[in-house]
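**Q** Starting from these lines, generate the structure:
(chains A and B)
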There are 2 protein chains.
Amino acid sequence: MSAAVADWDAARLAGWSEPHLARVEAALSRWVGVDAPVLLGDAMRYAVLDGGKRLRPLLVLAASEAVGGNAAAALRAACATELIHAYSLVHDDLPSMDNDVLRRGKPTVHVKFGEADALLAGDALQALAFELLTPEGDEIPAATQATLCRLLARAAGSQGMAGGQAIDLASVGLALNEAQLREMHRLKTGALLQGSVEMGAACAANVAPTALAALRDYGAAIGLAFQVVDDILDVTADSETLGKTAGKDAAADKPTYVSLWGLDGARAQAKQLLAESLAALERSGLAETAALRALAHMVVDRDR
Amino acid sequence: MSAAVADWDAARLAGWSEPHLARVEAALSRWVGVDAPVLLGDAMRYAVLDGGKRLRPLLVLAASEAVGGNAAAALRAACATELIHAYSLVHDDLPSMDNDVLRRGKPTVHVKFGEADALLAGDALQALAFELLTPEGDEIPAATQATLCRLLARAAGSQGMAGGQAIDLASVGLALNEAQLREMHRLKTGALLQGSVEMGAACAANVAPTALAALRDYGAAIGLAFQVVDDILDVTADSETLGKTAGKDAAADKPTYVSLWGLDGARAQAKQLLAESLAALERSGLAETAALRALAHMVVDRDR
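**A** Residues are numbered from 1 along each chain as shown, chains lettered A, B, ... in the order given. Predicted coordinates for the structure are as follows:
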């Protein structure tokens, strides 16, 4: 692991990500909730702007750079993945789901705007994600637009994120085995993280199939690692650091990697998944993977 | 009006629509909720299958035939519009929205499956709509796929259906004037009906701009007519015929075309909009508009 850890350079990641994050924030602010009926637009912007690690957008942008993708397509894809993520949080926080009142250190959308507008804001954010991917004009080839929509729809739908949330709902209080837990998280969190990597790769045409397959493997490994670390942080971090309610999985008697493997076992597994993700990047044959490597480290080493 | 009414032929419409409806039903049954986690898949299928007039799919198919569109694209677009419509009903029926327990004569999705799965089923249906529009392979050109996604996303989002629902929410108990009421319904119901016509037209390349503009006008007129007739039926029909709770707009003190114009005024306006829609088809210069004409009549003359 030492060689793998050595190429993690927080300062270098920050130098790469800061201008990208600034572009993503500016684009989201320009595109989200503008010209929407007033309360809906406000709720959409509240759900999306000024918060979040923007991990999915960074994965899109890093993967697109690794393959030499169309920058305009990558920026739109980056924002689209964040809109899907944001809408899922809004709906997940609703009283009929997790009934959470705190998110990113702020009142959740339904606490601030009411349940009905929170529901509609989530719905509208999902539609907006696909609208962003399909601009008129020829800056982004139609084939790229169609592929991005396909990847995002699959990542978000019943065989992706929404499917994983449904399994999660149905599993409260059940003793899932490792395979079941892994399948739930592969869909619930992993699908959109892996989809973000694939969408970044889809911003270029003619990427070698071996490189695409390796990037998919990378995405799958960090997708799973993300959830393992989430489960660890749910136990070890406090609500203030997390910006959301800590300890809620245990309180809800939800199965987690920590309940399955214990804290040390989960930490070991996170390191193993980091190593797998880095090995996949090696296999890709792509030259510019420093940002993807750094993001994998960030996923595993984060404290919130 | 007499010439316009004369070309309405219910038997001829039925002869045209029956095989199309059979294809739509078969496609929906093949595509919706299959391979989804079990309760989610069941909720998705319950929300979509075996119910509804399928007006939006019929509009897509009729418009596509009018322009000589790609049949595979039209079938997918037809199903996609129905999925968006179905998801909007599932979410609209939730306790935090209209809190309705009866839809198409059956318990609503959340009554049958619980609120959380109803929420997720709606979310997954929206994603599936875009997945259907973007199949792999070359049966449907990428440019068509991208255009269909763009039109559907705009029709469904904050400047379409979701936006109209948000205005509707905010307007309960307010005395909207005609312009405000028209704007609400243009978004809430009209955008997806008009979008269905536009999506059908987008299944062919190189449709004349004048024909496209005329089809948009047709879609706008029947979109508005649909809502005017809905408001009339909310007053005049019983719950059993409607398959949903009648009189609920008045009970909720919601502004309607009937509250604005009275019953006779609303009926006169519906006839006027029918005439406008037929005039738009005349302007289109398209030869095969019999099905679109018949659908316009169906929208205005329906009793449920």
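
**Q** From chain B, how far off is residue A:256?
**A** Here the criterion is CB to the nearest CB, to the nearest Å. By it, residue A:256 lies 19 Å from chain B. Bear in mind the C-beta positions are built from the backbone N, C-alpha and C, glycine included.

**Q** Just give the nearest non-adjacent residue to that residue, would you?
**A** Using CB to CB, 6 or more residues apart in numbering or on different chains and skipping the chain neighbours, the partner closest in space to residue A:256 is residue A:231 (3.9 Å).

**Q** Who are the packing partners of the helix or strand harbouring the one you found?
**A** Per DSSP states H and E: residue A:231 is located in helix A:209-236. Applying 3 or more CB pairs under 8 Å, 6 or more residues apart in numbering or on different chains; DSSP states H and E, one finds that helix A:209-236 makes contact with helix A:55-67, helix A:178-185, helix A:191-201, helix A:248-251, helix A:257-284, helix A:290-301.

**Q** For residue A:254, see how far away the residue nearest to residue A:256 is.
**A** Distance of residue A:231 to residue A:254, computed by CB to CB, to the nearest Å: 9 Å.

**Q** Any part of stretch A:95-106 near chain B?
**A** Yes - with CB under 8 Å from any CB of the partner chain as the criterion, chain B is reached by stretch A:95-106 at A:96, A:97.

**Q** Pull the distance from that stretch to the chain's centre.
**A** With CA atoms, centre = their mean, to the nearest Å as the basis, stretch A:95-106 stands 18 Å off its chain's centre.

**Q** likewise stretch A:204-212?
**A** Worked out by CA atoms, centre = their mean, stretch A:204-212 lies 22 Å from the chain centre.

**Q** Need the distance between the two termini of it.
**A** 11 Å (CA to CA, to the nearest Å).

**Q** Buried residues, that stretch. List them.
**A** Judged by neighbour count (16 or more other CB atoms under 10 Å in any protein chain shown), stretch A:204-212 contains these buried residues: A:204, A:207, A:211, A:212.

**Q** Distance-wise, check the first one relative to residue A:277.
**A** As judged by CB to CB, residue A:204 and residue A:277 stand 21 Å apart.

**Q** Repeat that for the last one.
**A** According to CB to CB, residue A:212 stands 15 Å off from residue A:277.

**Q** again with residue A:101
**A** Taking CB to CB, one finds residue A:101 at 34 Å from residue A:277.

**Q** go on, residue A:299?
**A** Taking CB to CB, one finds residue A:299 at 8 Å from residue A:277.

**Q** for residue A:153, same thing?
**A** 25 Å.

**Q** For chain A, give me the ranges with low pLDDT.
**A** Within chain A, the segments meeting pLDDT under 70 span A:1-8, A:239-252.

**Q** Swap in 50 and give it another go.
**A** Low-confidence segments of chain A, defined by pLDDT under 50: A:1-6.

**Q** now what about stretch A:66-74, what contacts it?
**A** A:60-61, A:63-65, A:139-141, A:144-145, A:148, A:200-204, A:207, A:211, A:215, A:284, A:286, A:288-289, A:291-292 (CB atoms under 8 Å, 6 or more residues apart in numbering or on different chains).

**Q** Drop anything exposed from those.
**A** Neighbour counting by 16+ other CB under 10 Å classes A:60-61, A:63-65, A:140-141, A:144-145, A:148, A:200-204, A:207, A:211, A:215, A:284, A:286, A:289, A:291-292 among the contacts of stretch A:66-74 as buried.

**Q** isn't residue A:277 right next to residue A:296, touching?
**A** Yes - the pair residue A:277 and residue A:296 passes the contact test of CB atoms under 8 Å, sitting 4.4 Å apart.
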